[in-house]
Each structure stands twice: as structure tokens, then as C-alpha cells.
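Asks: Kindly generate the corresponding structure for this input.
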Amino acid sequence: MVLKMSVFHIAILAAAAILLILAAVSDARTYRIPNKICLALLALFPFFVLTAPAAVEWKQHLMVFGFVLIPGFAMFMGNIAGAGDIKLLAATGLWAGPHLVAVFLITTMIAGGFLALLMVILTHRRNRSRKKAIALAGVPIPYGVAISIGGLGILGMLSQPLLFPS
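Replies: Have a look, this model is predicted:
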């Protein structure tokens with residue numbers, strides 16, 4: 001039997017998707033992800049749990065959040081990733097939970113690879129028209145775009161009522 005999802009549950013998933021799109025646009029334009037977006041994603045999650053058509057293992061989702069945040073903090077301290085990227089990654093990992101975290105991280109990595117390739121191509125094109133070239137190694141990558149793509153993928157999966165068997 002396929003469960004019907006409530007309008008509220010679908011609206012919450014849509015709101016989370018809008019937040020991810022806003023994060024991607026902000027990061028692409030300014031290389032910054034506002035804290036408000038990450039906090040809104042975190043604040044929206046309990047409503048996702050309460051409106052889900054079946055029980056959500058929210059404690060396991062919180063564990064995934066921690067398991068993503070802790071190494072992410074180490075990456076930030078090592079100057080490997082930005083703080084906004086890590087906060088968005090952890091907040092989105094909360095939504096992915098234990099069942100979708102691997103899909104989320106792999107999708108994010110693939111999107112990040114394509115994004116890095118795109119940035120290299122764009123930088124190479126700009127370098128041809130300038131006298132002083134920009135080093136490819138120094139080109140910043142708005143990784144929030146890739147995280148948002150991975151997050152939108154899992155939100156799409158969460159919108160499928162088949163994930164909530166009775």
C-alpha cells in the first residue's frame with residue numbers, strides 16, 4: 001500500500017528545497033552561505049519528522065548530523081573547506097539520515113567534481129584574454145552549489161512515498 005503524503009509534508013520538503021537553492025545562488029554569487037539558511041534547514045527538520053507519513057528515526061538523523069559536522073569542522077580548521085560549506089553539508093546530512101547519507105555525499109562529490117572542472121574551464125578562458133593569468137590552483141569553488149545539488153537529490157528521494165512503508 002502506498003501512503004499518501006500530506007500537503008504539509010510536501011510543503012516542508014519544498015521549503016527545504018528552496019533553502020538549498022538560495023544557498024547555491026548565494027554561494028555562486030558571493031562565495032558565502034548565510035547562517036540563516038543553515039539554521040532554517042535545521043529548524044525545518046522537526047516539522048519534516050512530525051508530518052512524515054511514517055515514523056522517522058530522528059535520533060539516527062542527528063547522529064549523521066554529528067558524524068558529518070565533526071570531520072567537517074576538522075576540514076575547516078585545516079583550511080580545506082569554508083565554514084558555510086561545512087554547516088550546509090551537516091544541515092543537509094541531517095535530512096539525508098543514515099539511509100541516504102551515502103547517496104547524498106556521493107552525489108555532492110560528483111557535482112563538486114563537475115563544478116571544479118567548470119571553474120577550471122572558465123578560468124582558462126579568462127586567462128586567455130588577460131595579460132596576467134590567474135593560477136588555477138587559487139580559483140575558489142562555490143562548493144555550496146554541489147552540496148545543494150546533492151541535497152536536492154535526497155529531497156527528491158524523500159518526496160517519494162515508497163520510502164515510508166507501512
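Asks: Contacts only, for residue 69.
Replies: Residues counted as contacts of residue 69 (CB atoms under 8 Å, 6 or more residues apart in numbering) are 86, 90, 93. Using the backbone N, CA and C atoms, a C-beta is placed for each residue, glycine as well.
Asks: list the contacts for the nearest residue to residue 148 once chain neighbours are set aside?
Replies: Sequence neighbours aside, residue 24 is the residue nearest to residue 148 in space, at 3.7 Å (criterion: CB to CB, 6 or more residues apart in numbering). With contact set as CB under 8 Å, 6+ apart, residue 24 has these partners: 142, 144, 145, 147, 148, 149.
Asks: List just the nearest of the contacts of residue 69 to residue 157.
Replies: residue 93 (14.0 Å; CB to CB).
Asks: now the closest one, what's its secondary structure?
Replies: helix (DSSP: H, G, I helix; E, B strand; the rest coil).
Asks: Give me the pLDDT for it.
Replies: Looking at residue 93, its pLDDT stands at 97.
Asks: Just to check, it is in contact with residue 101?
Replies: Yes: at 5.9 Å, residue 93 counts as touching residue 101 under the criterion of CB atoms under 8 Å.
Asks: re the thing from before, please tell me which one of the contacts of residue 24 counts the most neighbours.
Replies: Highest neighbour count within these, by other CB atoms under 10 Å: residue 147, with 31 neighbours.
Asks: Next up, identify which helix or strand that one is on.
Replies: helix 143-158 (DSSP states H and E).
Asks: elements contacting that helix?
Replies: Packed against helix 143-158 by the contact rule (3 or more CB pairs under 8 Å, 6 or more residues apart in numbering; DSSP states H and E) you find helix 7-30, helix 83-128.
Asks: just to revisit the earlier point, of the contacts of residue 69, which is the nearest to residue 17?
Replies: So of those, ranked by how close each gets to residue 17 (CB to CB), first place is residue 93, at 15.9 Å.
Asks: Sketch out the low-pLDDT regions of this structure for me.
Replies: Within the chain, the ranges that satisfy pLDDT under 70 run 1-4, 133-137, 161-166.
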